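A.B. asks: Fold the following and give me the result.
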Amino acid sequence: MLIAICGDKGAPGVTTSTLALASAWGAPAVVVEASPSGGDLGIRLRPNGSVLPETPTVLSVVTASRGADRTAVVADHSHALNSTTTVVPGPALAEQFANIGDWTPLADALSQSTQPVFADLGHLHAASPTVAVAARADLVLVVSRPDMPSVVRVR
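C.D. replies: Residues are numbered from 1 along each chain as shown. I've put the predicted structure just below:
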């Protein structure tokens, strides 16, 4: 199962919502930070009091997802956060996503994962490369500010 969480322009809380939903899932789940704007989970999360290793990241998943068997790619490239939740952090800089090109293999790997995947897509819009991931998702959740301009953008 692939659950994509995204936001409109300037929506706060997409990453936090993704972590909360995966942690509350009640069974093993994976958080994948796939926001093309770059991520901060690698420096924010401190399981057992230490920072996450620099690799693997979602870029490792992208590379591995170009292979034939995609079912274990996500699990093989994640870090344990607690007893039920693992995480695949994104790179810190948006520029590191620039050479991915086709996001379809990543979308396929996330949707074919043996564990439920909660994917943080960041700001989703028609020109975002993460549209490929959202299109493969079983459910897309949108986080938005509770004001009229934000609701209009979500629409």
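A.B. asks: Other residues contacting the longest helix that the chain contains?
C.D. replies: Ranked by residue count and defined by DSSP state H, the top helix of the chain is helix 14-23. By C-beta atoms under 8 Å, 6 or more residues apart in numbering, the list of residues contacting helix 14-23 from outside reads 3, 5-7, 29-31, 33, 35, 39-41, 81-82, 84-85, 87, 116, 118-123, 141, 143. Yep, even glycine has a C-beta here, placed from its N, CA and C like the rest.
A.B. asks: Just the buried residues of that helix, please?
C.D. replies: Buried residues in helix 14-23, counting neighbours by 16 or more other C-beta atoms under 10 Å, are found at Val14, Thr15, Ser17, Thr18, Leu19, Leu21, Ala22.
A.B. asks: Report the mean per-residue pLDDT for that helix.
C.D. replies: Helix 14-23 carries an average pLDDT of 93.
A.B. asks: please begin residue numbering at 688 from this point
C.D. replies: Let's use 688 as the start, then, which means that last one is helix 701-710.
A.B. asks: Kindly export that helix (C-alpha atoms) in PDB.
C.D. replies: The C-alpha atoms that make up helix 701-710 are tabulated as PDB, following Å, rounded to 0.1, in the frame of the first residue of the first chain:
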ATOM      1  CA  VAL A 701       3.600  17.500   5.500                       C
ATOM      2  CA  THR A 702       6.700  15.700   6.900                       C
ATOM      3  CA  THR A 703       5.400  15.700  10.500                       C
ATOM      4  CA  SER A 704       2.000  14.400   9.300                       C
ATOM      5  CA  THR A 705       3.700  11.600   7.300                       C
ATOM      6  CA  LEU A 706       5.800  10.500  10.400                       C
ATOM      7  CA  ALA A 707       2.700  10.600  12.600                       C
ATOM      8  CA  LEU A 708       0.500   8.600  10.300                       C
ATOM      9  CA  ALA A 709       3.200   5.900   9.800                       C
ATOM     10  CA  SER A 710       3.900   5.700  13.500                       C
END
